[in-house]
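Novice: Quick one: sequence and predicted model below, then my questions.
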Amino acid sequence: MNSQVTCYPAPKGIAPSSRYTVTINGMPSFTYLTTGPAQAEFTAGHTASWTSFDLHGPSEIRIRRSGKPVKTAIIRPGAAGIQPRIEDGDVVLRLDRPRKLCVECDGDLTDVLFLFANAPETEVPSPDDPNVVWFGPGIHEIGKFYQLKPATTYYLAPGAFLKGSFAGGGDGTRVLGRGVLSGADYKWPGHLKEKSTDRVDLVRLEGNNLELAGITLVDSPYYVVVVKGHDNRFHDLTILAWYHNTDGISAGPGARIDDCFLRTADDALKPFVSNTRISRCVLWVDRAAAFQLTWNAKDDSGGAEVRDCDVIHHMPFCTKANEWTGAVFWSWHGGPAHIHDLLFENIRIEGRSPCLINLSLRRNPWSPQDGDWGRFSRLKFRNITCEEPFLFPSRILGHDAAHPIEDVVIENLTIAKQRIDSLKAMHLETNEFADIKIVPSAPF
């Protein structure tokens, strides 16, 4: 450690990345590697290296790509405003505060580096506390469905690498630290195998007032985080997942999701459950939705808010549309619920995405095939900035006069530097059962 940075110990038995090395103020920072499995739809064989550290003050980061000097580099999210320089084939940048960043060298999205500069820990529980389970540096084989207990804190120290998955939980369960939980030892059961006995979700807990903070979750074989209960908190999490059905964070009412970084191969966040609050998250989604506005919900919900988030890539490897092609904001709603009062504000979308909005009320393979239909109302999209045009039109389609999508307001939408002032300019397909208002912003 020096006065500006704390680098984490390398877990004995974990090989470092063969793609990148990273130094911070001249100190080596152990860099991990994860690779897209053969079953990944768009990303088989792709690699992602990552390193994590605590940042105490302004520091210089130097990145070297193995065997291939770098000519150009982009740091995302662009809103961070970080402009790297190239020195002798290395990428060099300065950080003045904690950030979660993606480094792309020479435009190659198949081999990227993630930098996770964390704030110094403010709470490190004592390993001698009887209500604390402490995992120190090194590999821990905890196995499938390791049972967490209520009112217990599980601490993953810097350099801890847990192989397995978490289950159980209860009121007051907490998982904290700077360590890693990996599901790489477990196989993917196959596409849409929700009830398979081989299904392993990396974190599946139930309880109220739970907390997950600071840890890294990698190589989940199915959903990454599923927590049932209310008023649960998720902050400073890092998620890197490749498989179909690796949805990011699914939580109950009153959830708070802040300052998380998610790279997922399925829906990243699900901000339709009542009173959910999401802020300052960075998303890379390889398929499906960045923000999923329900799959067939049965119970009415509303009052969710999403603010100040960056979508750094959304389906960047998709070139052909089909009925499964995702959108940044997406829902096939075939259930009876009324989803209402959702706010998306200050959302920045980088790169080329297939579609901005796709909301429809229609049956799908997992919805009831008969019975009542649901509806959407009072949806607001405000201050949405899209770096490039979309590949395919947006769609907002109600079902009938009794089951509409109504009172949708799209305010201050910018696509490829064009302020959008009409449905036509937005390239939006709609029908008579959808009520949509475009509110243009002031001119440049």
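Specialist: Perfect, I can see it now. Numbering: from 1, shown residues only.

Novice: Give me the buried positions along stretch 386-397.
Specialist: 386-387, 390, 392, 394-397 (16 or more other Cβ atoms under 10 Å). Glycine gets a C-beta too; all of them are placed from N, C-alpha and C.

Novice: Distance of the nearest residue to T43 once chain neighbours are set aside relative to G252?
Specialist: Take T43 and drop its neighbours on the chain: the residue closest to it by Cβ to Cβ, 6 or more residues apart in numbering is G36, 3.9 Å away. According to Cβ to Cβ, to the nearest Å, G36 and G252 sit 31 Å apart.

Novice: which residues touch S301?
Specialist: The contact partners of S301, by Cβ atoms under 8 Å, 6 or more residues apart in numbering, come to 253, 272-274, 337, 339-340.

Novice: again, 10 Å this time
Specialist: 252-253, 272-276, 294, 337-342 (Cβ atoms under 10 Å, 6 or more residues apart in numbering).

Novice: now those in CSV, with pLDDT?
Specialist: CSV is the format used below for the contacts of S301 (pLDDT from 0 to 100):
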residue, pLDDT
G252, 96
P253, 97
F272, 93
V273, 94
S274, 95
N275, 96
T276, 97
T294, 93
A337, 95
H338, 97
I339, 97
H340, 97
D341, 98
L342, 98
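
Novice: which among these end up buried?
Specialist: Among the contacts of S301, the ones that count as buried (16+ other Cβ under 10 Å) are 252-253, 272-276, 294, 337, 339-342.

Novice: Which other helices and strands does the helix or strand harbouring I86 contact?
Specialist: Element membership for I86 (DSSP states H and E) is strand 85-87. If contacts are counted by 3 or more Cβ pairs under 10 Å, 6 or more residues apart in numbering; DSSP states H and E, strand 85-87 sits against strand 90-95.

Novice: Pull out the buried residues from the strand it packs on.
Specialist: Quick answer for strand 90-95 (16+ other Cβ under 10 Å): 90-91, 93, 95.

Novice: next helix or strand past that strand?
Specialist: Going down the chain from strand 90-95, the next helix or strand is strand 99-105, by DSSP H and E.

Novice: Return that next one as CSV; C-alpha atoms alone will do.
Specialist: Output in CSV follows, covering the C-alpha atoms of strand 99-105 (Å, rounded to 0.1, in the frame of the first residue of the first chain):
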residue,chain,number,x,y,z
ARG,A,99,-15.0,4.6,-10.5
LYS,A,100,-16.0,1.5,-12.3
LEU,A,101,-14.6,1.7,-15.8
CYS,A,102,-14.2,-0.3,-19.1
VAL,A,103,-11.0,0.0,-21.1
GLU,A,104,-11.3,-0.8,-24.8
CYS,A,105,-8.1,-1.0,-26.8
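
Novice: how distant is it from the center of its chain?
Specialist: 14 Å (Cα atoms, centre = their mean, to the nearest Å).

Novice: model confidence over that strand, on average?
Specialist: For strand 99-105, the mean pLDDT works out to 98.

Novice: wait, what's in contact with the spatially most central residue of the chain?
Specialist: Against the mean C-alpha coordinate of the chain, by Cα atoms, centre = their mean, the closest residue is L262 at 2.6 Å. Going by Cβ under 10 Å, 6+ apart, L262 touches 100, 217, 224-225, 237-241, 246-249, 268-269, 281-285, 290.

Novice: how much space between it and W332?
Specialist: In terms of Cβ to Cβ, L262 sits 21 Å off from W332.

Novice: what's the answer for A15, then?
Specialist: 41 Å.

Novice: again, but for R174
Specialist: 35 Å.

Novice: Off-centre distance for stretch 210-229?
Specialist: 11 Å.

Novice: Where does the prediction get shaky in this protein?
Specialist: 1-2, 442-444 (pLDDT under 70).

Novice: I'd assumed V22 was in contact with S49.
Specialist: Yes: contact criterion Cβ atoms under 10 Å: S49 and V22 qualify, at 8.4 Å.

Novice: shared neighbours of those two, anything?
Specialist: 16, 31, 63, 103, 113, 115.

Novice: Within its sheet, name the partner strands of the strand or helix carrying the third one and how each one runs.
Specialist: What it means is I63. Assigned by DSSP H and E, I63 belongs to strand 59-65. Paired with strand 59-65 in the same sheet, following DSSP bridges, are strand 20-24 (antiparallel), strand 90-95 (antiparallel).

Novice: one step back: nearest to D372, out of the buried residues of strand 90-95: which one, please.
Specialist: L95 (52.3 Å; Cβ to Cβ).

Novice: From P58, how far off is that closest one?
Specialist: 7 Å.

Novice: try G143
Specialist: Relative to P58, and taking Cβ to Cβ, G143 is found at 42 Å.

Novice: name the element A425 belongs to?
Specialist: Going by DSSP H and E, A425 is part of helix 423-426.

Novice: Next secondary structure after that helix?
Specialist: Downstream of helix 423-426 (by DSSP H and E), the next one is strand 428-430.

Novice: All good on my end, thank you.
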